[in-house]
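Peer 1: sequence and predicted structure are below.
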Amino acid sequence: MNPTLESISQLKQQMESSVIGQQHMVDTLLVALLTNGNVLLEGLPGTAKTRSIKSLASALQVDLGRVQFTPDLLPSDVTGTEVYQDVDGKPTLTFQPGPVFNNLLLADEINRSPAKVQAALLEAMEERQITVAGKTYQLPDLFMVLATQNPVEQEGTYPLPEAQMDRFIMKINLDYPDADAEEQIIKMVRSEEKPTTEKPTPIDPQCIFDAREQLREVHCSDAVLKYIVAIIVATRQPELYPDSPLSQWIGVGSSPRATIALDKCSRAMAWLNGKDFVDPDDVRKVVHGVLRHRLILSYDALAEGISSDCVIDEILSQVAVA
């Protein structure tokens, strides 16, 4: 077996052992990590959003920073700021790094802070660097933003602008687990309350970089590439499918970032399944996570209760593999 894939499989097993009933979230986090992307988690309280991120950091033994976004948060609370210090009798400004200078950054309830704080993450998410007072500081090589938001509480929130939503390579929607998973959660919490000296074997973070190198070798045929492009074009030109309600549902389609993200995530999904080529099933497995936050629905769709996932399902039913 590929030793790098084996290490990633061990990482997946460790995460699934502490995050029960949310297997699709674990898969999506791994895909985003392998593609050097950022993830937006949206779910009801208690659906293991924070737990999943902590388990990922624990398994890799990497630094985890956490920011609780609130209305009074300042951009410097995220990026860091220059602090006045008296060094040998001389006044000096020294940069004090903020929580963004960690391998994993948990932006908890990111939609509770105004736009100026949300925008402080844009440069970090896209360029992996931070600029403060005209100076640029590089972030760690292994870096990912994992932002959460609560879909229920809307009072006192600031919806993320489309430009920032596009920076997340995937969005995960979480729901409550089923009855069987709920029983397993109770047993897991009980077992964690017992003192134990056994700790899982840490995973070398180098396996993430090795996996990223191998992703470049995953083959994507012209037919699959045309399938990916056709899906994105369907979001921009829904009138190409006159027998479908897509033109009434879609207000604004996806940007070229969506095409790039769908290609990357499809190759990552294929690699995680032990394949060296991408097939249409790999595309369909990741397309909802890639597109659901990149579609702006029309008023008619919102009035009818049509969700982004419903629109994506309709696109998949209309677009054929070349």
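Peer 2: In hand now; what should we look at?
Peer 1: do a quick rundown of the helices in the stretch 201-322 of the chain.
Peer 2: All helices of the stretch 201-322 of the chain, identified by DSSP state H, counting those that start in this stretch, fall at 206-215, 222-236, 246-249, 256-272, 280-291, 299-304, 308-318.
Peer 1: the ones you listed: which one's closest to Val26?
Peer 2: helix 256-272 (10.7 Å; CB to CB). C-beta: built from backbone N, CA, C; applies to glycine.
Peer 1: return the alpha-carbon coordinates of that closest one using PDB.
Peer 2: What follows is helix 256-272, C-alpha atoms only, in PDB (Å, rounded to 0.1, in the frame of the first residue of the first chain):
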ATOM      1  CA  PRO A 256     -13.700  30.200 -12.200                       C
ATOM      2  CA  ARG A 257     -12.500  29.400  -8.700                       C
ATOM      3  CA  ALA A 258     -15.300  26.800  -8.500                       C
ATOM      4  CA  THR A 259     -13.900  25.100 -11.600                       C
ATOM      5  CA  ILE A 260     -10.400  25.000 -10.200                       C
ATOM      6  CA  ALA A 261     -11.800  23.800  -6.800                       C
ATOM      7  CA  LEU A 262     -13.900  21.100  -8.400                       C
ATOM      8  CA  ASP A 263     -10.900  19.700 -10.300                       C
ATOM      9  CA  LYS A 264      -8.700  19.700  -7.200                       C
ATOM     10  CA  CYS A 265     -11.300  18.100  -4.900                       C
ATOM     11  CA  SER A 266     -12.200  15.500  -7.500                       C
ATOM     12  CA  ARG A 267      -8.500  14.500  -7.800                       C
ATOM     13  CA  ALA A 268      -8.200  14.400  -4.000                       C
ATOM     14  CA  MET A 269     -11.300  12.200  -3.600                       C
ATOM     15  CA  ALA A 270     -10.000   9.800  -6.200                       C
ATOM     16  CA  TRP A 271      -6.600   9.600  -4.500                       C
ATOM     17  CA  LEU A 272      -8.200   9.000  -1.100                       C
END
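Peer 1: residues in contact with that helix?
Peer 2: For helix 256-272, contacts defined as CB atoms under 8 Å, 6 or more residues apart in numbering pick out 5, 8, 12, 27, 30-32, 34-35, 37, 166, 169-170, 211, 214-215, 218, 220, 224-225, 228-229, 231-232, 235, 276-279, 282-283, 285-287, 289-291, 294.
Peer 1: so which bits of that helix are buried?
Peer 2: 257-259, 261-272 (16 or more other CB atoms under 10 Å).
Peer 1: how far away is the residue of the chain most remote from its centre from Gln96?
Peer 2: Centroid-distance maximum for the chain: Gly89 at 46.7 Å, with CA atoms, centre = their mean. Gly89 is 21 Å from Gln96, where distance means CB to CB, to the nearest Å.
Peer 1: kindly report the same for Thr70.
Peer 2: Taking CB to CB, one finds Thr70 at 20 Å from Gln96.
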